[in-house]
Structures are given as structure tokens and as C-alpha cells.
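A.B. asks: Below: sequence and its predicted model.
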Amino acid sequence: MPAIRDDFRSDTVTRPSAGMRRAMAEAEVGDDVFGDDPTVLRLEATLAERLGKPAAVFMASGTQSNLSAMLSHCGRGDAYIAGMDAHCYSHEQGGAAWLGSIQPQPIPNEADGTLALAAIEAAIAPDDLHYARTRLLALENTFGGRVMPMTWITEATALARRHGLATHLDGARVFNAVVASNTDVATIAAPFDTISVCLSKGLGAPIGSVLVGEKDLVSRARRHRKALGGGLRQVGLLAAAGLYALEHNVARLADDHANARRLADGFAKIEALKVTAPDTNIVWVKVPDDKAATFGKFVADEGFGITSGYGGTQQRWVTHLDIDAAGVDRAIAAAERFFG
Ligand SMILES: *Cc1c(COP(=O)(O)O)cnc(C)c1O
């Protein structure tokens, strides 16, 4: 494999900046399992306040955060509804099922990433002893880099509540949605009982997610976190990176979105490529079947890291802190050379 110079694989590849490393080195710490790490407490309080919820708990990863939340909402034999392409269903080893005995009830995502309200309603099991009890609706925003419409979120969560379901938002990249749609994060969080936020994606922290929500649910999640191996000790070192990220790296997500648009606009001029206009920092590029393998290899040989699926015909280019406009222009120039 040639070395990667411009790494578009994911916004998780960002390395902590000098300022962030300094904040980590200087963090005041304590034993967080005893609840006395002041920096962790400050991070949890900061995110709870920003999202307009009473409580929050630091997690080692988004997967641990989503799983702890699902274990808090559902017991053995309960069911949750999520999109078939939702991260918590399709990209977390099905942990809710094999660790929590929670039955997934996936429904297809529409072309725009939403779930049809009628499909959600149809997936809610009636009160009948043949069926698992439906307990939870789990949504995701952004979804594949798309900002989910607030009207749909409001309707879907209201539908869930009418049927007595709890609601969880996988908001791994919710701050990208905030910046792209100029919506307050508390507005996006309001209709949900729990929200999981990643610090280690576009926000640029090396490790960490935070689960935010109602008090009893967060307390339960804190218990589950311990059982899942996430009871960490002087973890203020990581919380300091999270606090630094919240202070310095939220508004600048707009730069990543601008770079994603620049990349999409450049690729869109190449006739062979079908580019989806990005809402945030993820650009999806459809490559013709007969060029997928050779273009994928060319891109790698030229020093670009990307991810792809469907035999290389669907490419994903993600912009972030460590990708600048020059890197975007290098990618466009390379693609023009290949197809030109
Ligand atoms: C990355 C991601 C997660 C999981 O986060 P990890 O820290 O990688 O476990 C969950 N949901 C979504 C939408 C993500 O993009």
C-alpha cells in the first residue's frame, strides 16, 4: 500500500493539535469511577447544558455510548426500531442483540435517509404475546453526512411517544448538523430522551463520546458502561481534549463543509462521476462499474485514502481538520488526470 498523504477515509483520522495536547497535559484529574475527576465532570456538565438535558456521561466510544443507551432503554426480549443502514444496527456488531438480548426491528431507510412514518408505525408491535415489546426508536443525525430534516425528527419522535416508545439519537456528528443547518443543538436534542455525541470525529479529539439525556437513563447507562469495560480512571486527560474540541472545533466544521462542497463541485465536472451534493463533510461518489477497480487503485497510488463499497463503485470522501483546500484540489486534479 502506498503511503496516504491526503486522508479522506474518515474524520476519525484527525490527530490532536498542539493546543489540544497542551490542554490534555495540563488537565486536572481524579478517579472518575469514584466520580471525582473534575475535568470529566466539567465536560459532562458542559454537554448536558448545551443540549438542554439534565445529565451526561463520558464514554470511550460511540459504540459504547449507543450500546449503553440501548441497554438503558430496553430489557431482555424488548425490541428497538432503527433504519436498516443505521450505525447502531448495522455497524456495531449487533451488540444490542448479542450483549443485551434486545431484538432489532430494522426498517429500510428512504433515499433521503429518513424512515417513512408509516413504516415506523407498522413496525411497532401491538400489545400481543406473540411479539417482542417495542420499546425504543433510534434515529441518526447526520445520517451518511446528510442533515435530517427537523420537521421529520419532530414527527417521528412524536409518533414514538404516542406509542409509548423512548427515543434515542445517534448524534455522532450532530454538531455537523448544527453548523450546516444553523440550528441550536438543544433544538435538535429536545425531542430525544438520550443523545450520543462523538468527540473523536470532526471535533478532532483522539478518543471519546458523551451520552446526554434524562437523569435516570444516564445513571443506568453509567452502570452499563462499567460492565462494558468503560469505567475509566484519570480520564480527565481525554475529557480535556473534548472540552478543547467543543471550544475550538465546532464553528470551524463549516470549513470542512466548504471543502466537501469544493470536492463535490470539482468531481461533478467529471462526466463519468455521479456526485451527491454534500450537506456536511461526507461526499459520496458513484464510479462507473468498469472503472471502479482501476480508479480505486489510482487514487490509492496517488496518496489518497478513501473508503469504498459495492465493489469500489461507491466511494466515500470525508473532509476534516487535517484536510485543507490544497488537498481537495490535489484530489480533483488527480481525478481529472484519470478521466481526462
Ligand atoms: C462513528 C460512529 C459511531 C461509533 O463511534 P465509534 O467511536 O467509532 O465507536 C456511531 N454512530 C455513527 C453515526 C458514527 O458515525
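C.D. replies: On my side now, so go ahead.
A.B. asks: so G309 bridges to which residues?
C.D. replies: On the basis of DSSP bridges, G309 takes part in beta bridges with Q314.
A.B. asks: Please report phi then psi for the residue in the stretch 101-250 of the chain that the ligand sits nearest to.
C.D. replies: Closest to the ligand within the stretch 101-250 of the chain is A172: 3.4 Å, counting by Cβ to the nearest ligand atom. Every residue, glycine included, has its C-beta placed from N, CA and C. With angles defined as degrees, to the nearest 10, A172 sits at phi -50, psi -40.
A.B. asks: can I assume it is in contact with H87?
C.D. replies: Yes: A172 is within contact range of H87, at 6.8 Å (criterion: Cβ atoms under 8 Å).
A.B. asks: Could you check which of these two is surrounded by more residues?
C.D. replies: Under the criterion of other Cβ atoms under 10 Å, the comparison of A172 against H87 puts A172 first, with 28 against 19.
A.B. asks: residues touching whichever residue of the stretch 51-200 of the chain sits closest to the ligand, list them.
C.D. replies: Residue nearest to the ligand within the stretch 51-200 of the chain (Cβ to the nearest ligand atom): G62, separated by 2.3 Å. Residues counted as contacts of G62 (Cβ atoms under 8 Å, 6 or more residues apart in numbering) are 87, 170, 172, 196, 198, 200, 209.
A.B. asks: Same question for Y131.
C.D. replies: 79, 125.
A.B. asks: Give the next helix or strand downstream of the strand ranked longest in the chain.
C.D. replies: In the chain, with assignment by DSSP state E, the single longest strand is strand 133-140. Helices and strands here follow DSSP states H and E; after strand 133-140, the next one along the chain is helix 150-162.
A.B. asks: What segments of this structure are strands?
C.D. replies: Counting by DSSP E, the strands of the chain are 6-7, 55-59, 78-83, 103-107, 133-140, 166-171, 194-198, 209-213, 274-276, 282-286, 304-305, 307-309, 314-318.
A.B. asks: which stretches of the protein form helices?
C.D. replies: 18-25, 38-51, 62-73, 87-90, 95-100, 117-123, 150-162, 174-181, 185-189, 215-227, 236-248, 253-268, 292-301, 325-339 (DSSP state H).
A.B. asks: now the ones you listed in JSON lines, with mean pLDDT?
C.D. replies: JSON lines is the format used below for those (pLDDT from 0 to 100):
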{"stretch": "helix 18-25", "mean pLDDT": "98"}
{"stretch": "helix 38-51", "mean pLDDT": "98"}
{"stretch": "helix 62-73", "mean pLDDT": "98"}
{"stretch": "helix 87-90", "mean pLDDT": "98"}
{"stretch": "helix 95-100", "mean pLDDT": "97"}
{"stretch": "helix 117-123", "mean pLDDT": "98"}
{"stretch": "helix 150-162", "mean pLDDT": "98"}
{"stretch": "helix 174-181", "mean pLDDT": "98"}
{"stretch": "helix 185-189", "mean pLDDT": "98"}
{"stretch": "helix 215-227", "mean pLDDT": "98"}
{"stretch": "helix 236-248", "mean pLDDT": "98"}
{"stretch": "helix 253-268", "mean pLDDT": "98"}
{"stretch": "helix 292-301", "mean pLDDT": "96"}
{"stretch": "helix 325-339", "mean pLDDT": "98"}
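A.B. asks: do you know which of the ones you listed lies nearest T280?
C.D. replies: helix 174-181 (4.1 Å; Cβ to Cβ).
A.B. asks: Can you work out which other helices and strands pack against that closest one?
C.D. replies: Packing partners of helix 174-181 (3 or more Cβ pairs under 8 Å, 6 or more residues apart in numbering; DSSP states H and E): helix 185-189, strand 194-198, helix 253-268.
A.B. asks: Now do the same for the residue lying closest to T63 once chain neighbours are set aside: its pLDDT.
C.D. replies: In space, and not counting its chain neighbours, T63 is closest to E92: 4.8 Å by Cβ to Cβ, 6 or more residues apart in numbering. Looking at E92, its pLDDT is 97.
A.B. asks: Quick check on G52: phi, psi?
C.D. replies: Torsion angles, degrees, to the nearest 10, at G52: phi 70, psi 30.
A.B. asks: no wait, R233
C.D. replies: Residue torsions, per degrees, to the nearest 10, at R233 are phi -100, psi -100.
A.B. asks: do D128 as well
C.D. replies: Geometry field for D128 lists phi and psi as phi -150, psi 140, criterion degrees, to the nearest 10.
A.B. asks: ok, the nearest residue to P2 once chain neighbours are set aside - how many residues close by?
C.D. replies: Excluding the flanking residues, the one nearest P2 by Cβ to Cβ, 6+ apart is D301, at 5.4 Å. As a burial measure, D301 scores 11 neighbours (other Cβ under 10 Å).
A.B. asks: can you check A258 too?
C.D. replies: 14.
A.B. asks: so N66 makes contact with S196?
C.D. replies: Yes: taking contacts as Cβ under 8 Å, N66 lies within contact range of S196: 5.4 Å.
A.B. asks: wait, doesn't G144 sit right on G113?
C.D. replies: Yes: here G144 reaches G113: they are 6.0 Å apart, a contact under Cβ under 8 Å.
A.B. asks: out of these two, which sits in the more crowded spot?
C.D. replies: Between G144 and G113, counted using other Cβ under 10 Å, the more crowded position is G113 (22 against 17).
A.B. asks: All set now, cheers.
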